[in-house]
Every structure is written in structure tokens, then in C-alpha cells.
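Engineer: here you go, sequence then predicted model.
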Amino acid sequence: MSSLPSLLMIGCGHMGKAMLKGWIKKGLNHSFIVNRHDFDLVTPHRLTHTIQDVPKTFQPEAIVLAVKPDQAAELIPHLKPWCKNIPVISVLGGKTLAWLQQQFGDHQSIIRVMPNTPSELGLGMTSMIANSQTQSDQKQIAERLFNAIGKTAWLDTEQEIDIATAIAGCGPAYIFLLAELLQKIGQEKGLSEDLARLLARQTVIGSAALLNHSQEEAETLRKNVATPNGITEQAVNVLIQPDAWPHILSKALQAAADRSRALSS
């Protein structure tokens, strides 16, 4: 028996595919995916190129809106036949609940979410906020979906979604950048490409796994590696200077949050 609700999913780019792959692994019920481009999709799920190709008799338990934000207004009117009494789950960056409510109508249940790409492996982090029309059972549908592919957090206010996006939604890119730079610098210091790549990737992978399995705070785990007056501490002392990582990461997160906020206006 399928463990996850049937979906009408509109759009399936990088983030959409990450969610979809994770949901299919967890037993997604028969769903329709609307996407301009073909990709491999296992049965019983169906891929169509337009919303008009979805049978009007299809009865999803939720709509997942994952197109590019600038395409949404054109597509939303065509979703009305399936919207009644089910939640619309929006993955549209920068599109507020108020904007979505204006598009769908005053009585539509809408849940705005911001997941990230580790959802494909069941290790995602999704921030969520619902409008006042959303009932508890409709929130539970969103929880079932996103708890199946990672962890979830309900936000207290929609304003929190900008910084939540900057931390978790964008966060995988920062980690990948760290691995990229560790490899690049290793090569610059004389290591072969293969060795630098192995050292960088496995260090990031292992550290993340340790963080996941430990009850200790990240600060404690960091200090456990950085023995006083040891080798690691020399590097960490450079990175934690006020004008180094604390400043530049704060500046980067603020830039991402500002962009998220700007897209909402």
C-alpha cells in the first residue's frame, strides 16, 4: 500500500526532481507530473507536457507547484478543476501567501514550503508556513510528504522564510562550495586532482555524518578536532576572526535573504 498521497505536481526542475525521487522511494501514490521536458518516470506515475493533458477525472490529494516563479501566474488558472478541498503546496521562491491567495482565490488552502536538494536522499530540510484557510488535516498532508524526505519546521511568521531560505534552502550550495574550494586549494598546494578530490569530498561527507549522529553541538564537535595549540586550531583561528568566516557568511546569508525578500515584492 502506498504511504504517501497522490499528487498533481506542476514543474519538475532540479528541486522538483529531488523531491519526486525521494517521494517515489517512500511509496508515492499514483501521481501526474506536468513538465515541459521528458525524463524517466516509473509507473504508475504519469508525465505530461501540459496541464490540459491531465484527466479531469484525476483526483489528487494535493497540488505541488514547483515551476519557475515567473511562469506561475499563467499556469495557475488551469489548476482550478483540481483545487477544491485540497492544499496547494507552493515551492515558488519569492511568491508570498498573499500573492498565491490572490491567484487561487480566498478559500484556497495554501502551504508555502522551502525544501532543499538533499530531499532526494531523505535528508532534506523543509521550512513551511500555511495560510489561515488551511485545516489541520491539510497540514498533515504536507508533513507526511516532507517528513518522508527529511525534517520539517513550521515557521511562526512568513517573514522568517527569507532567512530560512538563506540557511537551508541555499545551504547545500555553501557546503558544495566548501568541498570545491578544499579540492582546488589542495591541487594548488601540489596534490593530484584525484587525491585532492577524495580528501575534500570524504571529509565533508564524514563530517556531516558525524554531525548527524552526534548529540553534541557543532561548536563542541569543532573544538574536539581543534586541540589547543594544535594544527587544526591554527587554521580555525584564522577562519573565526571577526572579518573572516563570521563576517563573510553573515554577509552571504543576508544577500540571499535580501534576494528572497526582493522577489516577494
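Structural biologist: Here it is on my side, so go on.
Engineer: next, count neighbours for Lys251.
Structural biologist: Lys251: 9 surrounding residues under other Cβ atoms under 10 Å. From N, CA and C alone the C-beta is placed, and that goes for glycine too.
Engineer: how distant is the strand or helix carrying it from the center of its chain?
Structural biologist: Using DSSP states H and E, the element containing Lys251 is helix 245-264. Computed by Cα atoms, centre = their mean, to the nearest Å, the chain-centroid distance of helix 245-264 equals 17 Å.
Engineer: helix, strand or coil for Asp106?
Structural biologist: coil (DSSP: H, G, I helix; E, B strand; the rest coil).
Engineer: would you mind measuring from it to Asn85?
Structural biologist: Taking Cβ to Cβ, to the nearest Å as the criterion, Asp106 is separated from Asn85 by 15 Å.
Engineer: mind listing the helices for the stretch 51-200 of the chain?
Structural biologist: 72-75, 80-83, 97-104, 136-147, 161-164, 171-188, 193-213 (DSSP state H, counting those that start in this stretch).
Engineer: and the fourth one, what's buried?
Structural biologist: Spelled out, it's helix 136-147. Neighbour counts over helix 136-147 (16 or more other Cβ atoms under 10 Å) mark Gln138, Lys139, Ile141, Ala142, Arg144, Leu145, Phe146 as buried.
Engineer: I figured the first one hits Gln108, correct?
Structural biologist: Read that as Gln138. No - judged on Cβ atoms under 8 Å, Gln138 makes no contact with Gln108 at a distance of 10.5 Å.
Engineer: so the helix holding Lys251 versus helix 97-104, what angle?
Structural biologist: 30 degrees (axes from the mean of the first three to the mean of the last three Cα atoms, to 10 degrees).
Engineer: got the buried residues for helix 245-264?
Structural biologist: Ala252, Leu253, Ala256, Ala257, Arg259, Ser260, Arg261, Leu263, Ser264.
Engineer: same thing with stretch 102-122?
Structural biologist: Neighbour-count burial for stretch 102-122 [16+ other Cβ under 10 Å]: 103-104, 108-120, 122.
Engineer: can you list the buried residues of helix 136-147 in a markdown table and add pLDDT and distance to Pro69?
Structural biologist: Shown next, in a markdown table, are those (pLDDT from 0 to 100; distance: Cβ to Cβ, whole Å):
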| residue | pLDDT | distance to Pro69 |
| --- | --- | --- |
| Gln138 | 97 | 23 |
| Lys139 | 98 | 23 |
| Ile141 | 97 | 23 |
| Ala142 | 98 | 19 |
| Arg144 | 97 | 25 |
| Leu145 | 98 | 21 |
| Phe146 | 98 | 20 |
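Engineer: with distance to Glu74 added, can I get those in JSON lines?
Structural biologist: Converted to JSON lines, the buried residues of helix 136-147 look like this (distance: Cβ to Cβ, whole Å):
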{"residue": "Gln138", "distance to Glu74": "25"}
{"residue": "Lys139", "distance to Glu74": "28"}
{"residue": "Ile141", "distance to Glu74": "26"}
{"residue": "Ala142", "distance to Glu74": "25"}
{"residue": "Arg144", "distance to Glu74": "30"}
{"residue": "Leu145", "distance to Glu74": "25"}
{"residue": "Phe146", "distance to Glu74": "27"}
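Engineer: surely Leu47 is within a helix?
Structural biologist: No - read with three-state DSSP, Leu47 is strand and lies in no helix.
Engineer: so what's it bridging to?
Structural biologist: Taking DSSP bridges as the rule, Leu47 bridges to Ile33.
Engineer: about what we covered before: just want the angle from the helix holding Lys251 to helix 171-188.
Structural biologist: In terms of direction (the same axes, to 10 degrees), helix 245-264 departs from helix 171-188 by 140 degrees.
Engineer: what sits up against helix 245-264?
Structural biologist: 69, 93-96, 99, 161-163, 165-167, 170, 174, 239-240 (Cβ atoms under 8 Å, 6 or more residues apart in numbering).
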